[in-house]
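**Q** take a look and give me a structure for this.
(2 chains)
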2 protein chains.
Amino acid sequence: MINLPGKKSLKVLTKLKKLNGDYFDPYPFVHSNKGNGCYFQDLDNNTFLDFSSQIASNPLGYNNPELKKLIKKYSNIHPIKYAGQDFAIEEHLKLLEELTSITPKNLNAAFLINSGAEAVENSIKICMRKNENAKFGLCFKGSFHGRTLGALSLTQSKQLYKKNYFTVPVKVLDYSEKAVEELEKLLKNYSSGEIAFMIIEPIQGEGGYNIASKKMIQDLRKITKENNIPFISDEVQSGMGRTGKWWAIQNYNIIPDVMSAAKALQVAATISNRKMFPEPGAISSTWGGGHKLDLALGCKIIQIIKKQKLLNNINNQGKYLRKRLQELNLDKISNVRGLGLMNAFTLPNEKLRNDLVIECLKNGLVLLGCGHESIRLIPPYIIKEREIDGAVNIIEKSYNKIVKSGFKHTGQICNYMNCVKSNT
Amino acid sequence: MINLPGKKSLKVLTKLKKLNGDYFDPYPFVHSNKGNGCYFQDLDNNTFLDFSSQIASNPLGYNNPELKKLIKKYSNIHPIKYAGQDFAIEEHLKLLEELTSITPKNLNAAFLINSGAEAVENSIKICMRKNENAKFGLCFKGSFHGRTLGALSLTQSKQLYKKNYFTVPVKVLDYSEKAVEELEKLLKNYSSGEIAFMIIEPIQGEGGYNIASKKMIQDLRKITKENNIPFISDEVQSGMGRTGKWWAIQNYNIIPDVMSAAKALQVAATISNRKMFPEPGAISSTWGGGHKLDLALGCKIIQIIKKQKLLNNINNQGKYLRKRLQELNLDKISNVRGLGLMNAFTLPNEKLRNDLVIECLKNGLVLLGCGHESIRLIPPYIIKEREIDGAVNIIEKSYNKIVKSGFKHTGQICNYMNCVKSNT
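**A** Here you go, the predicted structure:
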């Protein structure tokens, strides 16, 4: 059982809490530089098995030897952040070459930017540029598309993220096959040009790892195509191989007009057909396409996924993980679901969910919540069966503990991911 | 005279153009890793003197020895991007400590994020969170605050950036002492709570390096304070020492409620008083506060500016640069202006401005436009008199050439920063 936070972590977290204005509750440990594969150590030398992958941003785990070699290669220069939309660097081109080698054929160009939110903002911008009549965009209940005001307007997962902030006009469809009817109804009241775009996560991330049905996505694609409504697949979390295909939308055998990507890619990208991009000046970003190291790392990550055939591992280990979770056959764990290594299960309520996350953490397993009552499992793509066995054993053991006795908060800081709230 | 683009650069730029969907016209060269101080080499071994500093993002120039040493220190690990709002790293704390050591005393906390635009988005978000009545924000003619839809709604510099994109509600004040009256008038029609915030660049960047008068800023501060309207100083380009003080607003002897920073800081930040920050969950970002190297570099940059007393150099060299430009006494160059190393001058029209930028480039000097007819000069903070002399000589020589004969576009790519347009 790990005592959290450890002394060294506590010292850093206490100061951090003061200087950051209390606007976040980090996990009760501080990362050290030490780690290997799916495991990392904190400042107090506690070892954790990581099933959160820095919220899907760390696809190859800690201290990957090939990525370390790459960093070494760059260590004799000062890799400044270039103003990449004005001043080109080779890494920009190389990443675009790798990226477009794994996108559907018609999505043959990309705009690189700084975050998933900005990838979404630019996805909707390129859809709107040539449309003078747009009145609103379409998004879905439970969605999460980022936190800048444009992306946040599309985000419907939690009211906490939006309260009192200005929004741009959107209409919200049900995240189910009902959406098809709802869209048809809208098209009776609005011309298709008035609908600026539709944006959807084929698998909702932060909102609860909800998986859209094939019928829903395919019907929506059909109608949007017939009505020239640009269809954006938000792949910030689900893209880059996470679901066992390069892009989540490929599980549905349709091709979107635009995709947004980030996280595992190390930079963010708005991906589309060359012809969808507007005139110079209409989209830009000082740092977009200019982070030499992140670009080089993103490029190498795609190459490694290809070379090591990691999509196979993602599919196989994903199946194994879901099988093992189902076999646990625990009363209060339901709806084990997922595609590839994007998996989740549901607890009866938020308190029990949070308690389980914390208890697992104390047993050395890092998990993340999603939605209100679910836990997501997103280990690095290199995960092995025995590591899944280890994680499932910790989940079982922690479950038995918290179902019996509940979680008691004893830490001094970080509120153990809002456990104060969850214990009341 | 440099032949632009060189062969190697052309090869990269041609491919890049294809894969990026033509949405930007980069400068007609590609950076190599080679460079030293204020000079860098492109792939074709052409040497340039850099008076653009990657749009103010490269305050210490190329291959700074201390920053190189820092990179070396990190070269034995794989410095992944942490999900820094959930998983803390020490570099996050260290940057916050350095950053709050140079901010006005009451601005004692900061939220770290991915770009200047996101710093602005979060600046307005923290102003709005506790205000249920907000109807609109206030910004200024000629302003540039970024390109995400929230920040873009506040941006007034060029219509090109905004056409057909959704916006959030703003009212636009004149960037002059008239703004005071305009605000007073607004306050007769709206309760102060209905005005969500006022955001201003003390020195407008992209919009034309316009410098607000002391009276204007001080009067606006007085009224906003009296009416509890949060005052945001957008310091993305002008902050971090660029004007000879740590923050441009300090040239006006007032203290804002919120500042946004980025560029020279290597990461972006929304800076305010601890009490201004909202409850956990109200603002966040996966990569915010989690880029180990950028955080470490930003921290070291502040330390180097302090240790080498670079604010003095910024003030002295800024004065010298303006004096040298004024002494040129060239007919068509007017309104030499600036603070510290944030300087500009004006040409009679856009075509001549662009021609001069390009002719200087061919003579080895990198400049940037701003506004419609101005050129900005933002060399690294380490610039020396003899380098300023070199730049001014190139400007004079190029001016004489283009005023006589104009610029003829002969390149194959990049349109030499829209010179096609500028030649028509």
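**Q** how long is stretch A:231-247 end to end?
**A** Using C-alpha to C-alpha, to the nearest Å, the end-to-end distance of stretch A:231-247 comes to 15 Å.
**Q** same check, this time on stretch A:233-246
**A** By C-alpha to C-alpha, the extent of stretch A:233-246 from end to end equals 13 Å.
**Q** break down the stretch 1-150 of chain A into its strands, ranges please.
**A** A:30-36, A:39-42, A:47-50, A:88-89, A:109-113, A:136-140 (DSSP state E, counting those that start in this stretch).
**Q** please work out which residues outside the first one touch it.
**A** Applying C-beta atoms under 8 Å, 6 or more residues apart in numbering or on different chains, the set of residues contacting strand A:30-36 from outside is A:5, A:8-9, A:12-13, A:40-43, A:45, A:61-63, B:77, B:82, B:87-90. No exception for glycine: its C-beta is placed from N, CA and C like everyone else's.
**Q** show the backbone phi and psi for the most centrally placed residue in chain A.
**A** Residue closest to the average C-alpha location in chain A (C-alpha atoms, centre = their mean): residue A:237, at 2.5 Å. Residue A:237 has phi and psi values of phi -90, psi -40 when expressed as degrees, to the nearest 10.
**Q** what sits closest to it if chain neighbours are left out?
**A** Excluding the flanking residues, the one nearest residue A:237 by C-beta to C-beta, 6 or more residues apart in numbering or on different chains is residue A:205, at 3.8 Å.
**Q** residues near the one you found, how many?
**A** If you count neighbours by other C-beta atoms under 10 Å in any protein chain shown, residue A:205 ends up with 31.
**Q** surely it touches residue A:370?
**A** Yes. With contact defined as C-beta atoms under 8 Å, residue A:205 counts as touching residue A:370 (6.8 Å).
**Q** overlap in contacts, those two.
**A** Going by C-beta under 8 Å, 6+ apart, residues that sit against residue A:205 and also against residue A:370 are residue A:376.
**Q** how about the helices in the stretch 201-350 of chain A?
**A** A:214-226, A:292-307, A:310-328, A:350-362 (DSSP state H, counting those that start in this stretch).
**Q** now the angle from the first one to strand A:136-140?
**A** To tie it back to what came earlier, the one meant is helix A:214-226. 170 degrees (axes from the mean of the first three to the mean of the last three C-alpha atoms, to 10 degrees).
**Q** could you measure from residue A:95 over to residue A:87?
**A** 16 Å (C-beta to C-beta, to the nearest Å).
**Q** then residue A:103?
**A** Note on residue A:103: its distance to residue A:87, by C-beta to C-beta, is 25 Å.
**Q** swap in residue A:272?
**A** As for residue A:272, its distance to residue A:87 is 24 Å (criterion: C-beta to C-beta).
**Q** pick out whichever of those two has more residues nearby.
**A** A side-by-side neighbour count of residue A:272 and residue A:87, using other C-beta under 10 Å, places residue A:272 first with 27 against 23.
**Q** what sits opposite the residue nearest to the more buried one when sequence neighbours are not counted in the beta ladder?
**A** Distance criterion C-beta to C-beta, 6+ apart; nearest residue to residue A:272, sequence neighbours excluded, is residue A:258 at 4.5 Å. With DSSP bridges applied, residue A:258 shows beta-bridge pairing to residue A:232, residue A:272.
**Q** all helices for the stretch 1-150 of chain A, in order.
**A** A:7-19, A:53-56, A:65-73, A:90-101, A:116-128, A:149-154.
**Q** can you list those helices in a markdown table and add mean pLDDT and mean neighbour count?
**A** Below are the helices of the stretch 1-150 of chain A laid out as a markdown table (pLDDT from 0 to 100; neighbours: other C-beta atoms under 10 Å in any protein chain shown):
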| stretch | mean pLDDT | mean neighbour count |
| --- | --- | --- |
| helix A:7-19 | 93 | 18 |
| helix A:53-56 | 98 | 26 |
| helix A:65-73 | 94 | 16 |
| helix A:90-101 | 98 | 21 |
| helix A:116-128 | 98 | 30 |
| helix A:149-154 | 98 | 28 |
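**Q** surely the residue nearest to residue A:272 is in contact with residue A:271?
**A** Yes. Counting by C-beta under 8 Å, residue A:258 touches residue A:271, with 6.8 Å between them.
**Q** residues near residue A:373, how many?
**A** Neighbour number of residue A:373 under other C-beta under 10 Å is 19.
**Q** same thing with the one 10 residues further on?
**A** Close neighbours of residue A:383, defined as other C-beta under 10 Å, add up to 28.
**Q** over to residue A:44?
**A** Close neighbours of residue A:44, defined as other C-beta under 10 Å, add up to 17.
**Q** what sits against the residue nearest to residue A:265 when sequence neighbours are not counted?
**A** Of all residues not flanking residue A:265 in the chain, residue A:298 sits nearest, at 4.8 Å (C-beta to C-beta, 6+ apart). Applying C-beta under 8 Å, 6+ apart to residue A:298 gives the contacts A:95, A:98, A:99, A:265, A:266, A:267.
**Q** try residue A:18
**A** Residue A:18 makes contact with B:109, B:274, according to C-beta under 8 Å, 6+ apart.
**Q** now with 10 Å, please.
**A** For residue A:18, the contacting residues are B:93, B:96, B:100, B:108, B:109, B:274, by C-beta atoms under 10 Å, 6 or more residues apart in numbering or on different chains.
**Q** turn the residues you listed into CSV, columns for distance to chain A.
**A** Output for the contacts of residue A:18, formatted as CSV (distance: C-beta to the nearest C-beta, whole Å):
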residue, distance to chain A
B:93, 5
B:96, 4
B:100, 6
B:108, 7
B:109, 4
B:274, 5
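**Q** quick check: phi and psi at residue A:134.
**A** Phi and psi for residue A:134, reported as degrees, to the nearest 10, are phi -60, psi 130.
**Q** dump the residue contacts of it.
**A** A:124, A:127, A:128, A:169, A:193, A:194, A:195, A:196, A:197, B:164, B:165, B:166.
**Q** measure whichever residue of the stretch 251-400 of chain A sits closest to chain B to residue A:125 for me?
**A** Closest contact between the stretch 251-400 of chain A and chain B, by C-beta to the nearest C-beta, is at residue A:277 (3.1 Å). To residue A:125, residue A:277 is 10 Å away according to C-beta to C-beta.
**Q** residue A:230 now?
**A** For residue A:230 relative to residue A:125 (C-beta to C-beta), the value is 11 Å.
**Q** now the common contact residues for the two.
**A** By C-beta under 10 Å, 6+ apart, the residues touching both residue A:230 and residue A:125 are A:196, A:197.
**Q** picking that back up, residues contacting the residue nearest to the centre of chain A?
**A** Contact analysis of residue A:237 by C-beta under 10 Å, 6+ apart lists A:55-57, A:116, A:144, A:201, A:203-206, A:209, A:243, A:248, A:261-264, A:342, A:370, A:376, A:378, B:286.
**Q** looking at the residues you listed, which are in strands?
**A** Those of those mapping onto strands are A:261, A:342, A:370, A:376, per DSSP state E.
**Q** and of these, the nearest to residue A:21?
**A** Among the ones in strands among the contacts of residue A:237, residue A:370 lies closest to residue A:21 (C-beta to C-beta), at 25.5 Å.
**Q** what is the burial count for that closest one?
**A** As a measure of burial, residue A:370 has 24 neighbours, counting by other C-beta under 10 Å.
**Q** hey, what's the closest residue to it other than its chain neighbours bridged with?
**A** Excluding the flanking residues, the one nearest residue A:370 by C-beta to C-beta, 6+ apart is residue A:376, at 4.5 Å. Beta-bridge partners recorded for residue A:376 (DSSP bridges): residue A:344, residue A:368.
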